[in-house]
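>>> predicted model follows, preceded by the sequence.
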Amino acid sequence: MSQGKPIRVGIMGFGQTGRQIYELASRSDDVEIAAIADIGKPDILHYLLSAEVEEPQRHELQGNFLVNPRFRSRLMQIDMPAEMPWDVFGVDMVIDSTGKFRETSFMHDHLSNGARRVLLRTLPSDGIDRIVIPGINGEAAQASDTMISAGSATTTALCLLLHVLSASFDIECGSMTTIHSYTSDQALQDYAGSDIRRSRSAAKNIIPNSHEAGAWLGQILPAFEGKFLTSALNVPIHEGCLLDVNLVLANGDVGVEEINEAMRGAKLPGIVGVVEDPIVSSDVIGNPLSLLFDAKGTIKAGNNIIKTLSWYESLGHAARLLDVVRIYRELDLRQEAA
């Protein structure tokens, strides 16, 4: 693998995140999407992509290929990881952006079919080699890793907030609620699903939901093992999410401005930012940051409880997935040079 050779990536699942990964890659100079596996027909996948991007004329459908000025991507109408012949396309990494195939058995299917590594866009269902969050633990990645997760957009946002603030303050425990846009697996009308509350209409309701970030937090930030409760509220908007975090601090002297200054001092450009304006959810659509801290949302309650608000959306997570791809590319290059 030479320095100038693009990283060849395969995408499993061409939903919103998959399309965002593709568009970001098409505007990069180091990543190309070799193949895309999805149950959708090529003309429909192209139509959905064209409806979302700012310059749809950059993306053409030529038979079973999506073509942009940088690369051609083979579209494969495939449902399961075991059916996808990644070896034909010589991919360096497969990003499974379906959100469905989180078990290691499915990841093994990708590997058995020729993928060198598999990267989940979600948290895993069972044990994998590593969860990698750029800006926090990228240096822990190993060239030997084959099954990897980049967490989720919500998990990444929470971890980044705690990572920055815990460098300056002793956080004893806390809770997080994400006020989250509805997701593609929710029903638009009331429909009998596997979960009682999620069987109600996403377009009509605020739906309380569990969130598994707390269960995996200790693997990313060991100091917070067992110290955070996490939950979600799915609300009837299509994009833009708000992270509501309550922190219990050891030092009751810490105030609102100290918290805000610590976030302003975060040295994670392109990943963490601070907004001073009174924005709302639609203002963060198209923002590639993983955490946009809302300085106007910080509140102190009682002696040592701090409430914070932060914004994020799926584009930031798509960008971090590609950052993880680049982390492993660098590891491979170092191994080759050794």
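Cool, the structure landed.

>>> tell me where this protein has helices.
Here the chain has its helices, by DSSP state H, at 16-26, 42-52, 104-112, 153-166, 213-220, 256-264, 314-337.

>>> between those, which gets the lowest average pLDDT?
In terms of mean pLDDT, the lowest-scoring of the helices of the chain is helix 213-220 (a mean of 92).

>>> quick one, that helix and helix 153-166 angle?
60 degrees (axes from the mean of the first three to the mean of the last three Cα atoms, to 10 degrees).

>>> re earlier: can you list the helices of the chain in JSON lines and add mean neighbour count and distance to G90?
C-beta: built from backbone N, CA, C; applies to glycine. JSON lines is the format used below for those (neighbours: other Cβ atoms under 10 Å; distance: least, Cβ to Cβ, whole Å):
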{"stretch": "helix 16-26", "mean neighbour count": "23", "distance to G90": "16"}
{"stretch": "helix 42-52", "mean neighbour count": "16", "distance to G90": "21"}
{"stretch": "helix 104-112", "mean neighbour count": "19", "distance to G90": "14"}
{"stretch": "helix 153-166", "mean neighbour count": "24", "distance to G90": "29"}
{"stretch": "helix 213-220", "mean neighbour count": "19", "distance to G90": "31"}
{"stretch": "helix 256-264", "mean neighbour count": "17", "distance to G90": "42"}
{"stretch": "helix 314-337", "mean neighbour count": "19", "distance to G90": "14"}
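
>>> looking at these, which is nearest to V235?
Proximity to V235, assessed across the helices of the chain by Cβ to Cβ, is greatest for helix 153-166 (13.6 Å).

>>> report all helices and strands that the closest one contacts.
Using 3 or more Cβ pairs under 8 Å, 6 or more residues apart in numbering; DSSP states H and E, the elements in contact with helix 153-166 are strand 171-181, helix 213-220, strand 228-235, strand 241-249, helix 256-264, strand 291-301, strand 305-312, helix 314-337.

>>> same thing but 6 Å
Counting contacts by 3 or more Cβ pairs under 6 Å, 6 or more residues apart in numbering; DSSP states H and E, helix 153-166 is packed against helix 213-220, strand 305-312.

>>> for the closest residue to S26 other than its chain neighbours, list the residues it contacts.
Residue nearest to S26 in three dimensions, not counting chain neighbours: N68, with 4.3 Å by Cβ to Cβ, 6 or more residues apart in numbering. The contact partners of N68, by Cβ atoms under 6 Å, 6 or more residues apart in numbering, come to 26, 58-59.

>>> just send those back as JSON lines, with distance to L158 too.
JSON lines is the format used below for the contacts of N68 (distance: Cβ to Cβ, whole Å):
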{"residue": "S26", "distance to L158": "30"}
{"residue": "R58", "distance to L158": "34"}
{"residue": "H59", "distance to L158": "34"}
